[in-house]
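A.B. asks: from the sequence below, what's the structure:
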Amino acid sequence: MAEHPGTFRGGPPGAILLADTFLDEALSACGYPAGDFEQRVTDISVEHPQAVEDYRIAHSVARRNVLGEASTEDLRKAMRHYRNLHEDLLEIHVPQREEVYS
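C.D. replies: Take a look at the predicted model:
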């Protein structure tokens with residue numbers, strides 16, 4: 001069975017790009033202004049101070065990924081940060097692998 005190219009096992013770089021794009025779109029839909037990354041970090045920090053570090057790390061890996069400078073381990077860790085962001089900022093619970101199969 002072929003996997004979707006955006007899935008992590010099927011293509012970590014594509015999955016990070018999708019996660020970063022989805023987060024940007026979701027933040028815009030939640031009323032956070034698009035544009036300057038540092039301004040968005042400042043805006044997020046007001047209501048979600050714990051999420052700022054996850055956002056900075058995940059975004060940094062996404063940028064390095066575009067340049068071909070992120071390792072598979074970097075991408076794996078970034079996906080954890082994106083999951084944390086989705087749960088905190090968007091109040092979406094993303095099941096971890098153990099939860100899915102238990």
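
A.B. asks: use CA for all of it now, contacts and neighbours both
C.D. replies: OK.

A.B. asks: so which helix or strand takes in the residue nearest the centre of the chain?
C.D. replies: Nearest to the geometric centre of the chain sits Y82, at 2.9 Å (Cα atoms, centre = their mean). Per DSSP states H and E, Y82 falls inside helix 72-89.

A.B. asks: what's that helix packed up against?
C.D. replies: Using 3 or more Cα pairs under 8 Å, 6 or more residues apart in numbering; DSSP states H and E as the contact test, the elements touching helix 72-89 are helix 12-29, helix 51-66.

A.B. asks: of those, which is nearest D88?
C.D. replies: helix 51-66 (6.7 Å; Cα to Cα).

A.B. asks: now that closest one: buried residues?
C.D. replies: Within helix 51-66, the residues that count as buried by 16 or more other Cα atoms under 10 Å are A51, V52, D54, Y55, I57, A58, H59, V61, A62, R63, N65.

A.B. asks: tilt between it and helix 12-29?
C.D. replies: Here the directions of helix 51-66 and helix 12-29 differ by 140 degrees (axes from the mean of the first three to the mean of the last three Cα atoms, to 10 degrees).

A.B. asks: what's in contact with helix 51-66?
C.D. replies: 13, 16-17, 20, 41, 44-45, 70, 74-75, 78-79, 81-82, 84-85, 88-89 (Cα atoms under 8 Å, 6 or more residues apart in numbering).
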